[in-house]
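1. Please work out how this folds:
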Amino acid sequence: MEKEIQDKINQANPVGKVKWVELDKVEANDYNPNIVCSHELKLLAISILHDGYTQAVVTIYDKERDKYVIVDGYHRYFVMKTNKDVKALTEGYLPIVVLDKDINDRMASTIRHNRARGKHTITGMSQLVYDMVKNGWDDMKICNELGLEPDELLRLKHITGVAVLFKDKEYNKSYEEAYQIKERLKKQ
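-> Sure thing, here's the model as predicted:
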């Protein structure tokens, strides 16, 4: 591959800009609903010890706090933080890439990464949906960004038990969101 093409690709893709930072400069986000059991964490440690870090941790940079906040890769971070052999492998430096995204886009990125390879807790997903609505995203955007079906989103909203999610929504026996009505009318 020509150097010009490679440079162009590297500039357009975070993976082309991996950097190594001290573990103490990185911290978890407070919204990730993904859970990995101890068996899989042990397997991840073995994988890193055998193969090294094959994926960077995806972060954003919080300038005010001078910290990198994890968008994706918490478990790779956690394994280094809790396993002295893994930490020694890189002398306590974690491979990261940095995105520039607002909070809802970061949450959506986290879910897309997680859903591509794992499971989420219902309660965690429900809280995340609540936060995204509170932060201004409408149902259609949440469904599109998280890969949810409308009925899946509706169930997650019900789980929170918080009526605020449905404020300004007209109720009827066959509840439909505005975007569902638009889609139904297009098909008629």
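2. Give me the three-state assignment for T54.
-> coil (DSSP: H, G, I helix; E, B strand; the rest coil).
3. what number of residues lie near it?
-> For T54, the neighbour count with other Cβ atoms under 10 Å is 9. Any C-beta I mention is one placed from the backbone N, CA and C, and that applies to glycine too.
4. Next, the contact list for it, please.
-> S47 (Cβ atoms under 8 Å, 6 or more residues apart in numbering).
5. just use 514 as the starting number from now, easier for me
-> Understood, numbering begins at 514; the last thing we discussed is T567.
6. Would you mind measuring from it to K670?
-> 37 Å (Cβ to Cβ, to the nearest Å).
7. same deal with P663?
-> Distance from P663 to K670, counting by Cβ to Cβ: 11 Å.
8. These two: which has the busier surroundings?
-> Taking other Cβ under 10 Å, P663 and K670 do not tie; K670 has more neighbours (20 against 16).
9. what about that one, helix or strand, and which?
-> Per DSSP states H and E, K670 falls inside helix 663-673.
10. what inclination does whatever helix or strand comes next after that helix have with respect to helix 663-673?
-> Following helix 663-673 in sequence order, the next helix or strand is helix 691-700 (DSSP H and E). Helix 691-700 and helix 663-673 are oriented at 160 degrees to each other (axes from the mean of the first three to the mean of the last three Cα atoms, to 10 degrees).
11. Tell me the helices and strands packed up against helix 691-700.
-> If contacts are counted by 3 or more Cβ pairs under 8 Å, 6 or more residues apart in numbering; DSSP states H and E, helix 691-700 sits against no helix or strand.
12. Contacts for that helix, please.
-> Contacts of helix 691-700 (Cβ under 8 Å, 6+ apart): D651, D652, M653, P663, E689.
13. Look up phi and psi at the second one.
-> Same thing as D652. D652 adopts backbone torsions of phi -60, psi -40, taken as degrees, to the nearest 10.
14. Tell me if I am right that V584 is in a helix.
-> No. In this structure, V584 is strand, not part of a helix, as judged by three-state DSSP.
15. so it makes contact with I616?
-> No. The criterion here is Cβ atoms under 8 Å, and V584 misses it with I616 at 10.5 Å.
16. can you count the residues close to I548?
-> The criterion is other Cβ under 10 Å. On that basis, I548 has 13 neighbouring residues.
17. what's the answer for T572, then?
-> Neighbourhood size, T572 [other Cβ under 10 Å]: 27.
18. distance of the nearest residue to it once chain neighbours are set aside from V534?
-> The spatial neighbour of T572 that comes closest, neighbours along the chain excluded (Cβ to Cβ, 6 or more residues apart in numbering), is Y581 at 4.0 Å. Distance, Y581 to V534, using Cβ to Cβ: 6 Å.
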